[in-house]
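In: Turn this into a structure:
(2 chains)
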There are 2 protein chains.
Amino acid sequence: MVLEQQGSFAVGGTITTQPGKFDPIKQGAFNPAGPDSKGQTRHGDHAYVFYQIPEHARKLPLVFWHGYGQSSKTWETTPDGREGFQNIFLRRKFPVYLIDQPGRGKAAKQTTGTTITAAADEQLWFGIFRFGAWPNFYDNVSFSRDPEALNQFFRQAVPDTGPAFQSDLYVNAVSALFDKIGEGILVTHSASGSLGWKTALKNKNVRAIISLEPGGDFIFPEGEKIEPTKIGTRVVQPATIPESEFVKFTKIPIIIYYGDNIPDQPSENPGKEQWRTFFAIARKWAQLVNQYGGDAQVVHLPEINIRGNTHFMMSDLNNLQVADQISKFLSEKKLDQ
Amino acid sequence: MVLEQQGSFAVGGTITTQPGKFDPIKQGAFNPAGPDSKGQTRHGDHAYVFYQIPEHARKLPLVFWHGYGQSSKTWETTPDGREGFQNIFLRRKFPVYLIDQPGRGKAAKQTTGTTITAAADEQLWFGIFRFGAWPNFYDNVSFSRDPEALNQFFRQAVPDTGPAFQSDLYVNAVSALFDKIGEGILVTHSASGSLGWKTALKNKNVRAIISLEPGGDFIFPEGEKIEPTKIGTRVVQPATIPESEFVKFTKIPIIIYYGDNIPDQPSENPGKEQWRTFFAIARKWAQLVNQYGGDAQVVHLPEINIRGNTHFMMSDLNNLQVADQISKFLSEKKLDQ
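Out: So this is what the prediction gives:
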């Protein structure tokens, strides 16, 4: 792997300033009980970005944005120790940018505090991420049965270090990234799916979106009658925007992938049911984007004979197959020049 | 920059398990109010490590451990946008491992919760890190006056995502790293200084320690009369261990660096006074290690005509000069084969 450069930086964010004048002599000693904050500032709410540019790189970078409860680790070494999308797409000569969104990973410094509860919740996520119904893996699932793989997977999660779901703040930081680096291809996953749609509305430098299993909060044009999304007892009203905004989605190629073990019919298994619902609404949304003149596809991987994928297709055992699909899309859309 | 490989993993850590049996149907739906944790686990308290192995690499890796309030970002791109020790030592053909200690950065998942206060404290750290006495930089300081550099610097800090100062837990995780990777050279900074001494006592794979401005909590042999450290009104009792343990410090080469603007005489400026005290105790400790037959040096950079260094000498404007000193040490001790 030959790199022309690599580095990292913070981008976007806010600054809070406390009233008064800071006195470096009187307020300058470290106190484990906390600082006297008079006249002091706090920078926070930025994204952290690690980038690598390979030699003879293609023009447009891939900008990878993790999902809920995750960090840029999502795209690095897989839980079973193979190369993730970071290395795979570097080897394929794309500049690769990995984001830690505000409040995650190395972008953990925020201007609003929070309480971290350290809740035991891993069996819940095992289900929601469609590894299986705890304690059993789904038979066909493309995830290593070596216990160390699951150990690594559980440890890649990170808590929010500020309030949860600060959507505008996350979108502002990632939009600031696209202002800084120029045109690029945004790759979203899960919860960053909806954030990616918002970023594309905000910033023309988002030249395409590749969305891996986005959540169900798609954005529809006002005036279209869209049923609320029902997942078990949860009811989610669809977000809407003026048609003049919605048509922005028609200006860029969009591809959305969903993996395996997503049923056609309602399921009593909440992990499956959630994705059945989100997948259905994704198809409805893409259809609408295309009706308005756009270029949006929803790919169900089992339909093209790519099987066993969990919610984390970028690190599943067959992640190279998934990467090949993405390469094919980038080539077809001439995004890999 | 030609890399043979790069990747990341979690290492060490603990697991907590809640009583009862998890029911994937009844407990499997995401609830923003928090999970029903019955029968669920939480993995945490591991370190996160990102490693890069250059082509034709030297044998012993450099393992970089950040200080208080920081993450592995410490060693990456400098606040003013130049290459940090990560890139510099990769170019010098060392395998480079960057640690996020438990509760920081991408190792943020812990098994004990905490409250993050988002306190405004940056003017305090500006002083403690010897950039200057806010709002003024010290005249000679080797830090960019471009406001964007200070903006980047303030944003590289991260909060603890669990209880502060869990020394044993941090040391256990980093010792597990040395179990995994074998022999290496540990590079510590500031608060990880004292953790590095403990790691060397615990793990023979630590073949040398390079410590950049360690804090004052050195570990002395029982029986030696060491005065408590006084910093303003704070009094720190020296930690002690049996002589049979202390002599472990005599088995490895140790070098300690301190930067500029550390006064000889007591100062009313807490930022300066802290480092005057720590520097003095470092010299006393190294002298004692050598009395017991060891090989420990304390280098005051201004004495060898390297000037203006803050507490963050790895990212100061003259960080290449500092890196050259480290290369010289590694060569002299035949640690760069």
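In: hey, let's count contacts and neighbours off CA atoms from now on
Out: OK.
In: Around chain B, pick out the residues from the stretch 101-250 of chain A.
Out: A:104-125, A:127-128, A:133-134, A:151-152, A:154-159, A:161-162 (CA under 8 Å from any CA of the partner chain).
In: Where is the longest helix in chain A?
Out: helix A:270-291 (DSSP state H).
In: and that helix, what other elements does it pack with?
Out: Packed against helix A:270-291 by the contact rule (3 or more CA pairs under 8 Å, 6 or more residues apart in numbering or on different chains; DSSP states H and E) you find helix A:122-128, strand A:229-231, strand A:295-300.
In: Compare these and say which comes out lowest on pLDDT.
Out: For the helices and strands packed on helix A:270-291, mean pLDDT drops lowest on strand A:229-231, to a mean of 84.
In: List the buried residues for that one?
Out: Going by neighbour count (16 or more other CA atoms under 10 Å in any protein chain shown), the buried part of strand A:229-231 is A:229, A:231.
In: Give the next helix or strand downstream of that strand.
Out: Toward the C-terminus, strand A:229-231 is succeeded by strand A:234-236 as the next helix or strand (DSSP states H and E).
In: And the contacts of that next one?
Out: Contacts of strand A:234-236 with the rest of the structure, by CA atoms under 8 Å, 6 or more residues apart in numbering or on different chains, involve A:217, A:228-230.
In: at 6 Å what do you get?
Out: Residues outside strand A:234-236 that contact it (CA atoms under 6 Å, 6 or more residues apart in numbering or on different chains) are A:228-229.
In: how far out from the middle of the chain is it?
Out: When distances are taken as CA atoms, centre = their mean, to the nearest Å, strand A:234-236 is centred 22 Å away from the chain's centroid.
In: Parallel or antiparallel, which strands does the following helix or strand past it pair with?
Out: With elements assigned by DSSP H and E, the helix or strand that comes after strand A:234-236 is strand A:239-241. Partners of strand A:239-241 in the sheet, by DSSP bridges, are strand A:219-221 (parallel).
In: got the contact list for the partner strand?
Out: Here strand A:219-221 has contacts from A:239-243, A:246, using CA under 6 Å, 6+ apart.
In: and if you look at stretch A:101-117?
Out: Residues outside stretch A:101-117 that contact it (CA under 6 Å, 6+ apart): A:44-48, A:71, A:100, A:160-163, A:170, B:105-106, B:113-118, B:158.
In: Can you flag the buried ones in the residues you listed?
Out: Taking 16+ other CA under 10 Å as the criterion, what is buried in the contacts of stretch A:101-117 is A:44-48, A:71, A:100, A:160-162, A:170, B:105-106, B:113-118, B:158.
In: Now do A:D100 against chain B, distance only.
Out: A:D100 sits at a distance of 9 Å from chain B (criterion: CA to the nearest CA, to the nearest Å).
In: Look up the residues forming beta bridges with that residue.
Out: Here A:D100 sits in beta bridges with A:Y48, going by DSSP bridges.
In: which SSE is A:K204 in?
Out: For A:K204, there is no helix or strand it lies in under DSSP H and E.
In: Counting neighbours, what do you get for it?
Out: 18 (other CA atoms under 10 Å in any protein chain shown).
In: Also A:K328?
Out: The local packing of A:K328 (other CA under 10 Å) involves 13 other residues.
In: tell me which element it is part of?
Out: Using DSSP H and E, A:K328 falls within helix A:319-332.
In: Inside helices: which ones of the buried ones among the contacts of stretch A:101-117?
Out: Secondary structure defined by DSSP H assigns A:Y170 of those to helices.
In: Please save the CA atoms from stretch A:258-274 in PDB.
Out: Output in PDB follows, covering the C-alpha atoms of stretch A:258-274 (Å, rounded to 0.1, in the frame of the first residue of the first chain):
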ATOM      1  CA  TYR A 258     -29.600  -4.000   2.300                       C
ATOM      2  CA  GLY A 259     -28.400  -7.400   3.500                       C
ATOM      3  CA  ASP A 260     -29.800 -10.800   4.300                       C
ATOM      4  CA  ASN A 261     -32.400 -12.100   6.800                       C
ATOM      5  CA  ILE A 262     -34.800  -9.200   6.100                       C
ATOM      6  CA  PRO A 263     -38.200 -10.900   5.800                       C
ATOM      7  CA  ASP A 264     -41.000 -10.100   3.300                       C
ATOM      8  CA  GLN A 265     -43.700 -10.400   5.900                       C
ATOM      9  CA  PRO A 266     -44.100  -8.900   9.400                       C
ATOM     10  CA  SER A 267     -42.000 -10.700  12.000                       C
ATOM     11  CA  GLU A 268     -42.400 -11.000  15.700                       C
ATOM     12  CA  ASN A 269     -38.500 -10.700  15.900                       C
ATOM     13  CA  PRO A 270     -37.900  -6.900  16.400                       C
ATOM     14  CA  GLY A 271     -34.400  -7.100  14.800                       C
ATOM     15  CA  LYS A 272     -35.900  -8.400  11.600                       C
ATOM     16  CA  GLU A 273     -39.000  -6.300  11.700                       C
ATOM     17  CA  GLN A 274     -37.100  -3.100  12.000                       C
END
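In: Pull the distance from that stretch to the chain's centre.
Out: Mean-position distance between stretch A:258-274 and its chain equals 21 Å (CA atoms, centre = their mean).
In: contacting residues around it?
Out: Against stretch A:258-274 from outside (CA under 6 Å, 6+ apart): A:127-128, A:213, A:231, A:276, A:300-302, A:308-310, B:25, B:28-29.
In: tell me the average confidence for that stretch?
Out: The average pLDDT within stretch A:258-274 is 96.
In: Report the buried residues of that stretch.
Out: Within stretch A:258-274, judged by 16+ other CA under 10 Å, the buried ones are A:258-262, A:269-274.
In: Also stretch A:160-177?
Out: Counting neighbours by 16+ other CA under 10 Å, one finds that the buried residues in stretch A:160-177 are A:160-162, A:169-177.
In: cool, and stretch A:45-58?
Out: Neighbour counts over stretch A:45-58 (16+ other CA under 10 Å) mark A:45-55, A:57-58 as buried.
In: repeat for stretch A:7-14
Out: Using 16+ other CA under 10 Å as the burial criterion, the residues of stretch A:7-14 that qualify are A:7-13.
In: what do you get for stretch A:136-153?
Out: Result for stretch A:136-153 [16+ other CA under 10 Å]: buried residues A:137-138, A:141-143, A:149-153.
In: same check, this time on stretch A:90-104
Out: A:90-91, A:93-104.
In: Inside helices: which ones of these?
Out: Per DSSP H, the buried residues of stretch A:90-104 map to helices at A:90-91.
In: Tell me the spacing between A:L150 and chain B.
Out: In this view, A:L150 and chain B are 10 Å apart by CA to the nearest CA.
In: Give me the pLDDT for A:I88.
Out: pLDDT recorded at A:I88 is 98.
In: So what does it have for phi and psi?
Out: Main-chain torsions, A:I88, degrees, to the nearest 10: phi -60, psi -50.
In: How much space separates it from B:S8?
Out: Going from A:I88 to B:S8 by CA to CA, to the nearest Å gives 14 Å.
In: related to what we said a few turns ago, sort out which one of the buried residues of stretch A:160-177 lies nearest B:I281 for me.
Out: A:T161 (35.7 Å; CA to CA).
In: what's the pLDDT at the closest one?
Out: Looking at A:T161, the pLDDT reads 98.
In: mind listing what it touches?
Out: A:103, A:108.
In: repeat for A:P242
Out: Per CA under 6 Å, 6+ apart, neighbours of A:P242: A:221-222.
In: how much space between it and A:T199?
Out: 16 Å.
In: Now do the same for A:G7: helix, strand or coil?
Out: Counting by DSSP: H, G, I helix; E, B strand; the rest coil, the backbone at A:G7 sits in strand.
In: Which residues are in contact with it?
Out: Counting by CA under 6 Å, 6+ apart, A:G7 touches A:50-51, B:77.
In: switch to 7 Å and redo it
Out: Going by CA atoms under 7 Å, 6 or more residues apart in numbering or on different chains, A:G7 touches A:50-52, B:76-77.
In: Closest one to A:N290 out of those residues, please.
Out: Using CA to CA, A:Y51 comes nearest to A:N290 of these, at 33.1 Å.
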